[in-house]
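Undergrad: Everything below, folded, please.
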Amino acid sequence: MLYVSIGKIKMKSKGFSMNSLEMCAGAGGQALGLERAGFEHEALVEWDAPACSTLRLNRPHWNVIEGDLAQFDARPFKSIDLVAGGVPCPPFSKAGKQLGANDERDLFPQAVRVVDETRPQAVMLENVRGLLDAVFVDYREKIAQQLQSLGYWTDWRLFNAADFGVCQLRPRVVFVAIRKDIAPFFRWPTPSTAQRPTVGQLLYDLMAADDWRGAAAWRDRANAIAPTLVGGSKKHGGPDLGPTRARAAWAALGVEGKSLADAAPPRDFVGAPRLTVRMCARVQGFPDDWQFVGKKTASYRQVGNAFPPPVAHAVSAQIARAIEAGSAARIMRKVA
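TA: Numbering: from 1, shown residues only. Coordinates of the predicted model:
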């Protein structure tokens with residue numbers, strides 16, 4: 001039931017539910033954020049087999065559709081509340097040579113098609129910071145105009161995961177499109193004022209899991225937040241913490257970034273420890289009970305390419321409030 005007070009819409013969530021369709025769902029970072037914001041997943045589309053297995057393992061009731069987004073027919077999901085996704089980043093990243101629309105991995109056109117087929121109340125897409133570079137001004141404008149022609153208000157915003165409690169310097173671009181009748185109720189989330197843990201504070205218990213004598217000293221040295229985790233692509237080799245600059249940043253925190261470890265350092269270990277997949281997942285904002293399917297390389301790729309759940313939650317919670325407020329306003333107009 002929805003209640004409205006004079007001058008301000010007040011929502012009561014009992015009996016009010018929202019659903020979502022997610023594209024390029026990966027290992028579930030964005031899906032976890034949407035779930036926390038109150039969205040029920042009608043379907044999650046993902047082509048990577050290990051990532052699909054991860055989704056099914058952690059949420060057996062989710063409808064995971066394994067396949068190419070270009071072949072996905074979204075029409076059965078007409079009038080879904082939210083279409084969300086993290087379309088591939090390489091077309092807009094410097095590492096991917098920023099080929100944009102000329103990159104075969106560019107799935108923004110498919111995302112627009114899905115929106116056209118479903119006509120949701122809102123859209124939320126995330127990508128790398130490079131998408132805001134001047135070279136993509138025309139590209140961004142084209143995407144915005146296409147959705148505006150379908151009846152949506154659109155906006156782009158750059159966020160840093162560190163501003164939402166994530167122990168990582170991870171800038172992400174979020175694109176939101178909201179049906180024009182409910183757009184006045186939408187507000188972008190504001191950064192959290194809560195103090196973030198350092199890498200040492202965040203990972204100390206995991207580093208000390210096998211009674212490593214140096215864990216406390218390492219915790220004190222790792223006294224800053226993490227650089228951006230880099231997931232890489234299937235063309236990339238084994239799991240590591242990124243290129244030279246990223247590894248240097250990890251080295252300053254007392255972490256060896258050339259590869260990942262299978263377990264915490266043993267009791268008498270000497271030197272700079274390596275991170276495990278579980279440690280990386282915690283840095284990315286995943287809960288500790290979220291399991292990843294696949295060998296180390298496949299699992300780390302899922303973690304490194306994920307949208308941090310706390311950031312996904314912050315934005316989608318604001319979208320949920322706008323949708324709910326819009327519903328309340330429509331009811332008030334009917335009874336007025």
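
Undergrad: C-alpha from now on. contacts and neighbour counts both.
TA: Will do.

Undergrad: could you pull out the strands for the stretch 101-250 of the chain?
TA: Using DSSP state E, counting those that start in this stretch, the strands found in the stretch 101-250 of the chain span residues 122-128, 152-160, 171-179.

Undergrad: what packs against the first one?
TA: Under the contact criterion of 3 or more Cα pairs under 8 Å, 6 or more residues apart in numbering; DSSP states H and E, the helices and strands touching strand 122-128 comprise strand 82-85, strand 171-179, helix 309-335.

Undergrad: what lines up beside it in the sheet?
TA: Using DSSP bridges, the strands paired with strand 122-128 are strand 82-85 (parallel), strand 171-179 (antiparallel).

Undergrad: can these go into TSV with extra columns for distance to V199 and mean neighbour count?
TA: Putting those into TSV (distance: least, Cα to Cα, whole Å; neighbours: other Cα atoms under 10 Å) gives the following:
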stretch	distance to V199	mean neighbour count
strand 82-85	28	26
strand 171-179	17	21
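
Undergrad: Mean pLDDT and distance to A194 for those - can I get that in TSV?
TA: Listed next are these as TSV, based on pLDDT from 0 to 100; distance: least, Cα to Cα, whole Å:
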stretch	mean pLDDT	distance to A194
strand 82-85	97	27
strand 171-179	95	18
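
Undergrad: And those: which comes nearest R196?
TA: R196 sits nearest to strand 171-179 of all the strands paired with strand 122-128, at 15.7 Å, using Cα to Cα.

Undergrad: Give me the contact list for the closest one.
TA: Residues outside strand 171-179 that contact it (Cα atoms under 8 Å, 6 or more residues apart in numbering): 120-129, 131-132, 147, 151-161.

Undergrad: Now stretch 70-86 - C-alpha only, CSV.
TA: What follows is stretch 70-86, C-alpha atoms only, in CSV (Å, rounded to 0.1, in the frame of the first residue of the first chain):
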residue,chain,number,x,y,z
ALA,A,70,22.6,-9.9,-29.6
GLN,A,71,20.5,-13.1,-29.8
PHE,A,72,18.4,-12.3,-26.8
ASP,A,73,14.7,-11.6,-27.4
ALA,A,74,13.6,-9.1,-24.7
ARG,A,75,10.0,-8.8,-25.8
PRO,A,76,8.6,-11.3,-23.2
PHE,A,77,9.8,-8.8,-20.5
LYS,A,78,7.8,-5.9,-21.8
SER,A,79,7.0,-3.3,-19.1
ILE,A,80,9.7,-4.5,-16.7
ASP,A,81,10.5,-1.9,-14.1
LEU,A,82,14.3,-1.7,-14.6
VAL,A,83,16.7,-2.7,-17.3
ALA,A,84,20.2,-2.7,-16.0
GLY,A,85,23.6,-3.9,-17.2
GLY,A,86,27.3,-3.5,-17.4
